[in-house]
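Participant: Pasting the sequence and the predicted coordinates here, then a few questions.
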Amino acid sequence: MNLPIREQSGVLIVEVGGRIDHSIAEEFTRALEPLLANCRQGQAPVLLDFSGVIYISSAGLRVLMMASRQAKAQQGSFAIAALTPLVQEVFTISRFNLIVPCYASVDAACKVLGK
Amino acid sequence: MKQVVFWGTRGSLPTAMTSHDIREKIVSALVTANGRSFRNRAAIDEFVDSLPFAVSSTFGGNSSCVEIVADCPEHIICDMGSGARPLGQAKIARFGVPNPQTYHIFVSHLHWDHLMGFPFFTPMYIPGNRIVIHGCHAQLEEAIRLQMRAPCFPVDYSQAGAKIEFDLMTPGKPHFICGLNVTPKLQLHAGDSYGYRFDSVDKSVVYSTDSEHKLDDIESFDEFIRFFDKADLVIFDAMYSLAEAASVKSDWGHSSNVVGVELCQAAAAKKLALFHHEPIHDDKQLSRLFAETRRLEQITRGERAPLEIVSAYDGLIVEL
């Protein structure tokens, strides 16, 4: 799974796209692993740019929850931004908006998380 | 199979509405009426029917008990929660005494909320009736007897007038009962629980409650897709939100509306009944969850045929 990375205001922006369903959840986990390993106190916050995600299943949501937990345990910052309206609805219905930090846009997230 | 009748739909603990809840419903109805007058009862009924379900009705509070009406004279029941009391009363009212009946009861598991209605199931006290209790737990008979033993209950199990039999079923194997193939399936729940798939010649119903689905267990996910395959109705444990089930209430043995939709969509099931409602949810919250679940199905449907969603309530009849 290819996750293009860029930096903005000291935040590591990770572009995620397509469908995040059961068939890809494990691959998604593996792709996030090296990024999360460095998501620690004093290191750059990790922000997933979800503007290209068109669908996320329960398995995909679990990957985000585990990532968020790991970052929190390492005292790092992990968040998601720019959810499309339909994906935003899935977050709301599943209540994952309450357990994974979400921002309306990458810029809005960088204002809070960045330098 | 013709119908499924929901006699108890609440999870974990029977739940009564409070006077506050009823007052709020009356106030909401009066606010909506806005001073209008009604010329007769029919006009009142028409107005009440126009109100939101959470105002005009209630999901009810009896714990799990579901009846499957099949094309045979015998009765098929899933679980003996507190909904078994009104079910038993309805059977007595319909068939009278003496008029021997046979009841097949399929027990998902032995937790209290799924057995507590049995001592209040009046047909068990009437000689001539036959009750066959089907299940997969080795302690099935002991658990039924235990709750009717002093000091738990004033009437001992030995006082049962009906002939009571126990049938220990084998998970994964179809059993031919009442003209139906009944297949139990092991589910993830403390002390194990079992779902049941009922197949007639032309209809299929799945009763799957008290079942946790681990989101990273793809193999189990695939097993349940096969278990639900093309079912006309899947009765599904949707007690928690997905976030709760995956985090703070992980390992509590229950599932969510989101996983119910995903499994039913993948299985090409026709109808999903949200079931085993959280006791702390009032009618407004359950109505909101119902609306959200329908919306979730809509936005994730893709090219698939629509999956009809219902939220089970005490008294709901689903025609198959």
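Facilitator: Good, I have the coordinates. Numbering: from 1, shown residues only, chains lettered A, B, ... in the order given.
Participant: make it CA atoms for all contacts and neighbour counts henceforth
Facilitator: Will do.
Participant: And the helices in chain A, which stretches?
Facilitator: Using DSSP state H, the helices of chain A run over residues A:25-37, A:58-73, A:85-94, A:106-113.
Participant: JSON lines please, covering those and showing mean neighbour count and distance to chain B.
Facilitator: As requested, the helices of chain A are exported to JSON lines (neighbours: other CA atoms under 10 Å in any protein chain shown; distance: least, CA to the nearest CA, whole Å):
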{"stretch": "helix A:25-37", "mean neighbour count": "16", "distance to chain B": "8"}
{"stretch": "helix A:58-73", "mean neighbour count": "20", "distance to chain B": "5"}
{"stretch": "helix A:85-94", "mean neighbour count": "20", "distance to chain B": "5"}
{"stretch": "helix A:106-113", "mean neighbour count": "16", "distance to chain B": "22"}
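Participant: measure B:Pro151 to chain A for me?
Facilitator: In this structure, B:Pro151 and chain A are separated by 43 Å, where distance is defined by CA to the nearest CA, to the nearest Å.
Participant: neighbours of that residue, just the number please.
Facilitator: By the other CA atoms under 10 Å in any protein chain shown criterion, the neighbourhood of B:Pro151 contains 10 residues.
Participant: Contacts only, for it.
Facilitator: Shown in contact with B:Pro151 (CA atoms under 8 Å, 6 or more residues apart in numbering or on different chains): no residues.
Participant: what secondary structure does it sit in?
Facilitator: At B:Pro151, secondary structure determined by DSSP: H, G, I helix; E, B strand; the rest coil is coil.
Participant: Identify the residue spatially nearest to residue 72, adjacent ones excluded.
Facilitator: Going with chain A. Closest residue to A:Lys72 apart from its sequence neighbours, by CA to CA, 6 or more residues apart in numbering or on different chains: A:Phe78 at 7.8 Å.
Participant: wait, I meant chain B there
Facilitator: Counting by CA to CA, 6+ apart, B:Cys178 is the residue found nearest to B:Cys72 once chain neighbours are left out, at 6.2 Å.
Participant: count of residues packed around that neighbour?
Facilitator: Number of residues near B:Cys178 (other CA under 10 Å) recorded here: 16.
Participant: With B:Gly179 instead?
Facilitator: Neighbourhood size, B:Gly179 [other CA under 10 Å]: 15.
Participant: That one touches B:Pro73, doesn't it?
Facilitator: No - applying CA atoms under 8 Å, one finds B:Gly179 not in contact with B:Pro73, separated by 10.4 Å.
Participant: mind listing what's buried in stretch B:151-167?
Facilitator: Using 16 or more other CA atoms under 10 Å in any protein chain shown as the burial criterion, the residues of stretch B:151-167 that qualify are B:Asp156, B:Tyr157, B:Ala160, B:Gly161, B:Ala162, B:Asp167.
Participant: And the pLDDT at A:Lys115?
Facilitator: Here, the pLDDT recorded for A:Lys115 equals 78.
Participant: Would you map the helices across chain B?
Facilitator: Secondary structure of chain B (DSSP H): helices at B:19-33, B:41-50, B:53-56, B:84-95, B:140-146, B:218-227, B:242-246, B:257-267, B:283-300.
Participant: and for the third one, what are the contacting residues?
Facilitator: For helix B:53-56, contacts defined as CA under 8 Å, 6+ apart pick out B:Lys25, B:Ile26, B:Ser28, B:Ala29, B:Val48, B:Asp49, B:Asp283, B:Lys284, B:Ser287.
Participant: And those, which is closest to chain A?
Facilitator: Taking CA to the nearest CA as the measure, chain A sits nearest to B:Ser287 out of the contacts of helix B:53-56, at 13.0 Å.
Participant: What sits closest to the closest one if chain neighbours are left out?
Facilitator: Nearest-residue entry for B:Ser287: B:Ala54, 6.4 Å, with adjacent residues in sequence omitted and distances by CA to CA, 6+ apart.
Participant: ok, now B:Val107?
Facilitator: B:Val107 sits nearest to B:Asp79 (CA to CA, 6+ apart), 4.7 Å away.
Participant: do the same with B:Ile92
Facilitator: Using CA to CA, 6+ apart, the closest residue to B:Ile92 is B:Pro123 (7.0 Å).
Participant: Now for that neighbour: which residues touch it?
Facilitator: B:Pro123 sits next to B:Gly88, B:Lys91, B:Ile92, B:Asn129, B:Ala162 when contact means CA under 8 Å, 6+ apart.
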